[in-house]
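Predicted model and sequence follow; I will ask about them next.
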Amino acid sequence: MPTKFQVFRGQGLSMEDFEKMKKTKGGLMSFNNFLSTSRNREISFKRFARPATNNPSSVGILFVMNIDTVICMKSSTPFAEVSKVGYYEGKEEEILFSTHTIFRIDRIERIPDEHTDRLWQVNLTLAGNQDDDFNKLTAHLREEFTWVTGWGRFADILIRLGESQKAKHLCKILLGKATSDKQRSDYNLQLGTVYYNMGEYSKALSSYERSLEIKKIALPPNHPNLAASYNNIGLVYYNMGEYSKALSSYERSLEIQKIALPPNHPNLAASYNNIGNVYYNMGEYSKALSSYERSLEIKKIALPPNHPSLATSYNNIGLVYGNMGEYSKALSSYERSLEMRKIALPPNHPDFAQSYNNIG
């Protein structure tokens, strides 16, 4: 096999996902499963990309991937030539890449076709550790998934994939076999998240509280992990409609964050926003407004200027003004939120319905 070569992959992509891809041109993307590709362009195009346009809500994509085996070796990106066991018996020249292989999006252009205008070619180049963005991304992923190890990391992945029943089963097994307080705390935290996602709030609360009790013994009194635990407990109480208890937990979380984190950390913005949500639901609109505005101030410093979270803040502020009867201020906030969403989100995103409904 040559040192540098091209492979192809044809597939369908929802219009919403394709719009997101177009906005990230020049950035990185990864395939979150084993990546089947072919050295044969015609099979990828005619058997996979073009038929995908039969679905009126999809576009047909032909990925053209430039591979450098030197980068594969340096970045530990395994691949295998599997044409002898492929479905097309050697015609496809199939090459299989490992999960989470990362590429840079070089070019996106329409493929002329007399039958449809929904065929696109996307040129990708394999990214490796010679790429600064690649290094930042892999460092972020390592940070996200290394707070637990071994089977605990697998449970975390199941939670993120929405496989709640499988995650619950695994977490219970891990809890039964836990040999340290840290493991018991981590697995209770994960189990609480599973129950929260399933809407079983009383069970989520029990698991989160067990995790917190262990952390309170093992960690310093103002450790950021304690703040995260109080925040989780606040989320549960909020969803149970127990707003005074939610407020107490959120405020305890915020107290710790003010000591443990930099003054403009995004987690502080999230805490102020959560406190604003509680006050809003309690009908204490002036306090809600103050919290939402503090959250927005931090986000303006911590986030890019058109981040969707800023749009959410303006929307929340608009809701408060609307309930206070200050309709011109509400309209101004809603319109600012809509402007940002037009830049940051794909055109069919459900948040647009919220914006237009609020303005109406």
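Everything's here; your move.

Now do the strands in the chain.
4-14, 28-31, 35-38, 58-68, 79-81, 94-97, 101-110, 119-126 (DSSP state E).

Reformat those strands as CSV; add distance to residue 359 and mean neighbour count.
C-beta coordinates here come from the backbone N, C-alpha and C atoms, glycine included. Listed next are the strands of the chain as CSV, based on distance: least, CB to CB, whole Å; neighbours: other CB atoms under 10 Å:
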stretch, distance to residue 359, mean neighbour count
strand 4-14, 27, 18
strand 28-31, 34, 16
strand 35-38, 43, 22
strand 58-68, 30, 21
strand 79-81, 50, 14
strand 94-97, 46, 21
strand 101-110, 32, 17
strand 119-126, 33, 20
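
Residue 209 is nearest to which of the ones you listed?
strand 28-31 (36.2 Å; CB to CB).

so who does the closest residue to residue 229 other than its chain neighbours touch?
Setting aside the residues directly before and after it, residue 229 is nearest to residue 212 in space (CB to CB, 6 or more residues apart in numbering), at 4.2 Å. Counting by CB atoms under 8 Å, 6 or more residues apart in numbering, residue 212 touches 226, 229, 230, 233.

show me what contacts the last one?
Residue 233 makes contact with 205, 208, 209, 212, 249, according to CB under 8 Å, 6+ apart.

If we use 6 Å, what do you get?
Contact analysis of residue 233 by CB atoms under 6 Å, 6 or more residues apart in numbering lists 208, 249.

distance of it from residue 205?
The gap separating residue 233 from residue 205 is 7 Å, by CB to CB, to the nearest Å.

Low-confidence ranges, the stretch 51-200 of the chain, go.
Residues of the stretch 51-200 of the chain meeting the criterion pLDDT under 70: 74-78, 81-92, 99, 129-149.

quick one, helices of it?
Taking DSSP state H, counting those that start in this stretch as the test, the helices found in the stretch 51-200 of the chain are 69-74, 132-145, 151-160, 164-177, 181-197.

still on that earlier bit, what's the pLDDT at the residue nearest to residue 229?
Per-residue pLDDT puts residue 212 at 97.

Residue 356 too?
77.

Could you check how far the nearest residue to it once chain neighbours are set aside is from residue 44?
Of all residues not flanking residue 356 in the chain, residue 338 sits nearest, at 7.5 Å (CB to CB, 6+ apart). Using CB to CB, we find residue 338 at a distance of 40 Å from residue 44.

out of the two, which sits in the more crowded spot?
Taking other CB atoms under 10 Å, residue 338 and residue 44 do not tie; residue 44 has more neighbours (24 against 20).

among the helices of the stretch 51-200 of the chain, which is the most enclosed?
Highest mean neighbour count among the helices of the stretch 51-200 of the chain (mean count of other CB atoms under 10 Å): helix 181-197, with a mean of 22.

residue ranges with poor pLDDT in the stretch 251-360 of the chain?
360.
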